[in-house]
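J.: Here's a sequence, model it:
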Amino acid sequence: MHIFSKTPSKWLVFVLVAIAQFMVVLDNAITNVALPTIKNQLHFTTSALQWVVTAYALTFGGFLLLGGRAADLFGRKRTLLAGMIAFTTFSFLIGISHSSTQLIILRALQGMSGAFMSPAALSIVLVTFRDGPARNKALSFWTLVATGGAAIGLLLGGALTQLFGWRWNFFINVPIGIIMTLLIGRIVPEHEKEADKKGLDLPGAALATSSLMLLVLGFSQAPLWGWLSGKTLLSIGVALALLAGFVINESRVKRPLMPLSIFKVRNVRGANLIMAPLYASMLGAFFLLTLYLQGVLHLSPIMTGLAFLPFPITIAIISTRMPKLVARYGFKRFLIVGPLVVVAGMVWLSLLHAGSSYWLGILPAAILMPLGIGMTMMPTIAAATSGVPAQEAGIASGLISTSQQMGGALGLSILSGIAASVTTSSLHLGSTEAALHGYHAAFLAAAGFMALASLAAMLVIKTPQRKGDSAEEMRRLRLQSSMNH
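T.: Residues are numbered from 1 along each chain as shown. From the prediction side, this is the model:
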């Protein structure tokens, strides 16, 4: 058969690894709509409920650098397959879990499995499509998978939860995981190990992971402990100290987990500064909007999922048009304007009240937000990965994915913490009104995140203008020139 030929089509390879990435993204969002049902059936407390989402995002983000480096050292295909087998196994175990503690632990293990899948999948795309129009096109579709998958997860999660029960949000991964493991193992070509010497810099991995986890723990527990309590300040302080230790370690070891030289590329720095607040805003907003739709407007899981339908539709439309727009106008203006469009959507959501209609209260934001996200994601991924040496392709993709996932985990922790704190202080107004006050504050904070992303694009991202710029700038200039023709 043609699909099993020794030289499969590049786009067939792309489709297979994109489906693997879709599974990871889907499970980062699919549980949102099911949260009220999971809370009731497994007897979660309100404060513990966010950990169904946070545990996954936390270990996913915490282990992404390790996963990216493993892909470079031990082979991208091998790392992807190992991660997928583990991901499928833990999905099944989550589906049969019967306690809140068990579910949270398994979600953390599932997220860790995804951390080995995601950078391996993206780095396969990067080495399959070298710099040029084809890579830009591939990255636009990758953007669609990364952002549209989250929105489709909300829609699919609502349908599965209402029709078959929340456990099918995880059982659905099992047949897909088995089929994709077989197809990827058979069709995707072996990729050579790009790093000459094996060594995973385990001290660096331990420092990075523990730092990021403690940081999320501090922010997520701050409403319970108190924002200025000793526990909160200690968690955040130790996290920052471990992060400093990680930077020192990376500057001294021979084979670092994250070579600091990668930050010499200005647009790599800028892209990661944009991606973190982008996902902080998006993941937190999805979580809070889901609670509003089911808790305040009392929508069913299916209707909640349908309420998010404009997200994948809008993202699909804008993402597939971004390569030509970037080729014509350059990427910097989209990285400045895109986040500001999301800001407008977040501000609109901050005006929601108990009697808001979907058409006037939510739909405008449900169009503005994915419009801005679609404008921002593809140029951000392109800036974060273009011109990176082949031996660092895995770590570059792991780095941007880390910024994405840890931004999401921190954002969810911070925004849910703000919502909880404001709600608690407003209980004298009644439970519904207090919850609304909490949502309003959190949506405005999310708008602030996106304003920071726009500022980072304005100050850090650089569009090549002169022939005397660096070799990296020249590669980008030739890329834009070839696309224009």
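J.: Who are the contact partners of E250?
T.: D201, G204, P256, L257, M258, P259, L260 (CB atoms under 8 Å, 6 or more residues apart in numbering). Yep, even glycine has a C-beta here, placed from its N, CA and C like the rest.
J.: quick one: the fourth one from M112, how far?
T.: Right, the one you point to is L257. As defined by CB to CB, to the nearest Å, L257 lies at a distance of 15 Å from M112.
J.: what's the answer for the third one, then?
T.: P256 sits 21 Å away from M112 when distances are taken as CB to CB.
J.: of those two, who's got more company?
T.: Neighbours were counted for P256 and for M112 using other CB atoms under 10 Å; M112 has more, 24 against 20.
J.: Can you classify that one as helix, strand or coil?
T.: With DSSP: H, G, I helix; E, B strand; the rest coil as the basis, M112 sits in helix.
J.: re the thing from before, from the contacts of E250, list just the buried residues.
T.: Among the contacts of E250, the ones that count as buried by 16 or more other CB atoms under 10 Å are D201, G204, P256, L257, M258, P259.
J.: I figured the fourth one hits V247, correct?
T.: No. Distance between L257 and V247: 11.2 Å, which falls outside the contact criterion (CB atoms under 8 Å).
J.: From the chain's centroid, how far away is stretch 214-224?
T.: Computed by CA atoms, centre = their mean, to the nearest Å, the chain-centroid distance of stretch 214-224 equals 20 Å.
J.: again, but for stretch 440-447
T.: 19 Å.
J.: ditto for stretch 217-226
T.: 22 Å.
J.: could you dump it to CSV, C-alpha only?
T.: Extracted in CSV, the C-alpha atoms of stretch 217-226 (Å, rounded to 0.1, in the frame of the first residue of the first chain):
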residue,chain,number,x,y,z
LEU,A,217,1.2,25.2,44.1
GLY,A,218,1.8,28.6,45.7
PHE,A,219,-0.6,30.4,43.4
SER,A,220,-3.3,27.8,43.4
GLN,A,221,-3.4,27.5,47.2
ALA,A,222,-3.0,31.2,47.9
PRO,A,223,-6.8,31.8,48.3
LEU,A,224,-6.9,29.0,50.9
TRP,A,225,-3.6,29.9,52.7
GLY,A,226,-3.8,33.7,52.2
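J.: buried sites along that stretch?
T.: Result for stretch 217-226 [16+ other CB under 10 Å]: buried residues L217, G218, F219, S220, Q221, A222, P223, W225.
J.: May I ask which helix or strand encompasses the nearest residue to the fourth one once chain neighbours are set aside?
T.: To tie it back to what came earlier, the one meant is S220. Distances taken as CB to CB, 6 or more residues apart in numbering put S413 closest to S220, at 3.8 Å, once the chain neighbours are dropped. Per DSSP states H and E: S413 is located in helix 393-425.
J.: and what of I367?
T.: Counting by DSSP H and E, I367 is part of helix 363-385.
J.: I'd like to know how far P259 sits from G398.
T.: P259 sits 12 Å away from G398, going by CB to CB.
J.: Burial check on H437, number of neighbours?
T.: Count around H437 with other CB under 10 Å applied: 17.
J.: give the contact list for it.
T.: So H437 contacts V422, T423, S426, L429 (CB under 8 Å, 6+ apart).
J.: can you do 10 Å?
T.: A419, V422, T423, S425, S426, L427, L429 (CB atoms under 10 Å, 6 or more residues apart in numbering).
J.: Which strand or helix spans it?
T.: helix 431-459.
J.: Could you check the angle that helix makes with helix 393-425?
T.: For helix 431-459 against helix 393-425, the angle by axes from the mean of the first three to the mean of the last three CA atoms, to 10 degrees is 140 degrees.
J.: A29 contacts L35, correct?
T.: No. Using CB atoms under 10 Å, A29 is not in contact with L35; the gap is 11.2 Å.
J.: between those two, who's got more neighbours?
T.: A29 (27 against 22).
J.: ok, back up a step: which neighbours do L257 and V247 have in common?
T.: Residues touching both L257 and V247 (CB under 10 Å, 6+ apart) are G204, L207, A208.
J.: tell me which residues of the helix holding H437 are tucked away?
T.: 433-447, 449-454, 456-457.
J.: Next, the buried residues of stretch 154-170.
T.: Those would be 154-162, 166-170, for stretch 154-170 by 16+ other CB under 10 Å.
J.: Between the two ends of that stretch, what distance do you get?
T.: 13 Å (CA to CA, to the nearest Å).
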